[in-house]
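# got a predicted structure here, sequence first:
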Protein chains: 2
Amino acid sequence: MRVLIVEDDKVLAHGLNETLRRAGYVVDAVPTAEQADAALRVTEIDLVILDIGLPGVDGFTWLKRLRGRGGEQTVLVLTARDALTDRVHGLTVGADDYLAKPFAPEELLARVSALTRRGRAIRSKVIEHGPLAIDLARKRASVTGKALDLSQREYALLEFLFSNVDAIVAKDRISGAIASWDEQLSPNAIEVQISRLRAKLEPSGIRIRTVRGLGYLVEPWKDEKP
Amino acid sequence: MRVLIVEDDKVLAHGLNETLRRAGYVVDAVPTAEQADAALRVTEIDLVILDIGLPGVDGFTWLKRLRGRGGEQTVLVLTARDALTDRVHGLTVGADDYLAKPFAPEELLARVSALTRRGRAIRSKVIEHGPLAIDLARKRASVTGKALDLSQREYALLEFLFSNVDAIVAKDRISGAIASWDEQLSPNAIEVQISRLRAKLEPSGIRIRTVRGLGYLVEPWKDEKP
DNA sequence: GTCAAACTGTCGGCAATCTGACCGGTGCCG
DNA sequence: CGGCACCGGTCAGATTGCCGACAGTTTGAC
């Protein structure tokens, strides 16, 4: 379970860090919203602890943007005591819970454990392949966070191919997977779909290989070694 | 917001149904615990109103089983007046609140609204999407502060769509969300509702995309960057 | 070099969707 | 009680945009 602390006050950040680490969480801490973005891009974070009063981009603005671009991380907001406005505003903008400063370490731990427990169950199944992510529940695919616009057939094909990474899939298996039972797809129809899908994927470096006479193949993703 | 009534007394069940429906909830009613299970399996239910005295499997037993297998729905238990034992027992077994019979409709509504509010309390009570704001507790939507005039169905559709931003929602999921379980909505009925809703939203620049063959999609709001 | 397999741009058919018109049901009001 | 307004569904004609056929070109195995 991985926690990101976004807090500019060094003393407080350090305290949070210690408390959580001792409780068995993996903790990262950054002082600004910009660096929080960077951290989210690099690592998979389960929970964000966000101070509202940040230098530069403030916590609310950042949270709003995060939700706006589809960020689903659980967020616990830290507010000044009595800042009821903050509290309401925070929940409106998409926080999952809030905690008023000052607070006891146990209080923090209680909230954090409640939130992480809850988050688990909800997350949907996602196929990842380098920069490509396919969200099965929502039927949406994205590359580097940018949503792809796919038609029904294209999506079905994408889902099927990337569910069978590192396996050669024959055209008639594809045909069976993306067309409804009774309809008969010509081999060429599949070639056309592949071609269309490639046009949308290859700009991002995602490749579908042709295996002459046998079918198509998606190779396991390899990070470039610079 | 979807409510399931588990009550074998037809008169009472009907009364509850009417009261809740008029208050804007989507309501299903079943007379036995077995059918309650079936309903939960088929549909996503937010709140269960459970009579303790049921034929066959009684309310307590059912509730216990529900919790036992991880059911997280909010449950409001109906007990006979003065059955203090029932009350204690009910709360022990996992009810979220109880109400002694007989009760006034307003009393019921007050409890129900308190409970449904609580369920949502952690995640925001208001969905914001650019200029659009949907107040879940009050069942009101507004654009740039101006209230929208929506019928019940339109509101339910709006709430459902914008609770699933960035996900493609199929027509039958919509149908399950905005209609009670016994009514059968034709695909066209949904198209018509979508069309009506669009007529009210698009003047404000809020768009509901069609994804041919799959369903509808609300994309995350993007602020214009000048 | 030969030839089958695969690629891809173009195009038309057609199913999916949109939407205006209509209508039966319900609740409110005088 | 009668009438009216509104809701929410069906129907049908117009519209849209996906998808496979076709065909000309390219690729790769031998």
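Thanks, I have it. Residues are numbered from 1 along each chain as shown, chains lettered A, B, ... in the order given.

# put the alpha carbons of the top strand by length along chain A into CSV.
What stands out as the longest strand in chain A, according to DSSP state E, is strand A:74-80. The C-alpha coordinates for strand A:74-80 follow below in CSV (Å, rounded to 0.1, in the frame of the first residue of the first chain):
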residue,chain,number,x,y,z
THR,A,74,-8.2,8.1,-2.8
VAL,A,75,-7.5,11.6,-1.4
LEU,A,76,-7.4,12.6,2.3
VAL,A,77,-7.4,16.3,2.7
LEU,A,78,-5.7,18.1,5.6
THR,A,79,-7.4,21.4,6.6
ALA,A,80,-6.9,24.0,9.3
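
# and that strand, which strands flank it?
Its sheet considered, strand A:74-80 pairs with strand A:47-51 (parallel), strand A:97-101 (parallel) by DSSP bridges.

# list the buried ones in that strand?
Going by neighbour count (16 or more other Cβ atoms under 10 Å in any protein chain shown), the buried part of strand A:74-80 is A:74-79. Yep, even glycine has a C-beta here, placed from its N, CA and C like the rest.

# what about it, average pLDDT?
Regarding strand A:74-80, the rounded mean pLDDT is 80.

# centre of the chain to that strand, how far?
Centroid separation for strand A:74-80 versus its chain: 20 Å, with Cα atoms, centre = their mean, to the nearest Å.

# can you pull out the strands in chain A?
Applying DSSP E to chain A gives strands spanning A:2-6, A:26-30, A:47-51, A:74-80, A:97-101, A:126-129, A:132-135, A:140-143, A:146-147, A:168-169, A:209-211, A:215-217.

# which one of those is the most hemmed in?
Scoring the strands of chain A by mean neighbour count under mean count of other Cβ atoms under 10 Å in any protein chain shown gives strand A:47-51 as the most buried, with a mean of 24.

# still on that earlier bit, for the strands of chain A, could you give me CSV that also reports distance to residue B:33?
Converted to CSV, the strands of chain A look like this (distance: least, Cβ to Cβ, whole Å):
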stretch, distance to residue B:33
strand A:2-6, 42
strand A:26-30, 44
strand A:47-51, 38
strand A:74-80, 34
strand A:97-101, 34
strand A:126-129, 36
strand A:132-135, 36
strand A:140-143, 38
strand A:146-147, 43
strand A:168-169, 46
strand A:209-211, 55
strand A:215-217, 51
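
# which of those strands has the lowest mean pLDDT?
When I compare those, strand A:97-101 is least confident, with a mean of 70.

# can you tell me which of the buried residues of strand A:74-80 is nearest residue A:134?
residue A:74 (22.3 Å; Cβ to Cβ).

# distance of that closest one from residue B:27?
Using Cβ to Cβ, to the nearest Å, residue A:74 is found at 32 Å from residue B:27.

# now swap in residue A:137 and tell me
Applying Cβ to Cβ, the value for residue A:137 to residue B:27 is 27 Å.

# again with residue A:39
45 Å.

# that older thread, can you redo the strands of chain A as TSV with distance to DNA strand D?
Compiled in TSV, the strands of chain A are given as follows (distance: least, Cβ to the nearest atom of the strand, whole Å):
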stretch	distance to DNA strand D
strand A:2-6	38
strand A:26-30	41
strand A:47-51	36
strand A:74-80	35
strand A:97-101	35
strand A:126-129	20
strand A:132-135	17
strand A:140-143	14
strand A:146-147	15
strand A:168-169	14
strand A:209-211	8
strand A:215-217	13
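
# to residue B:179, which of the ones you listed lies closest?
strand A:140-143 (25.0 Å).

# got the CA positions of that closest one in PDB?
The C-alpha coordinates for strand A:140-143 follow below in PDB (Å, rounded to 0.1, in the frame of the first residue of the first chain):
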ATOM      1  CA  ARG A 140     -12.400   2.800 -22.400                       C
ATOM      2  CA  ALA A 141      -8.800   2.600 -23.600                       C
ATOM      3  CA  SER A 142      -6.200   5.300 -23.100                       C
ATOM      4  CA  VAL A 143      -2.600   6.000 -23.900                       C
END
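
# residues making contact with it?
Strand A:140-143 has contacts (Cβ atoms under 8 Å, 6 or more residues apart in numbering or on different chains) with A:131-135, A:147-148, A:150, A:155, A:158, A:201, A:204, A:206, B:166-168.

# direction included, what does it pair against?
strand A:132-135 (antiparallel), strand A:146-147 (antiparallel).

# off-centre distance for that strand?
Offset of strand A:140-143 from its chain centre (Cα atoms, centre = their mean): 10 Å.

# again with stretch A:211-224
Worked out by Cα atoms, centre = their mean, stretch A:211-224 lies 25 Å from the chain centre.

# could you do stretch A:203-222 as well?
Here stretch A:203-222 shows a centroid-to-chain-centroid distance of 24 Å under the convention Cα atoms, centre = their mean.

# so is that stretch next to DNA strand C?
Yes: Stretch A:203-222 is in contact with DNA strand C by Cβ under 7 Å from any atom of the strand, via A:210, A:212-215.

# list the buried residues for that stretch?
For stretch A:203-222, the neighbour count (16+ other Cβ under 10 Å) marks A:206, A:208, A:215-218 as buried.
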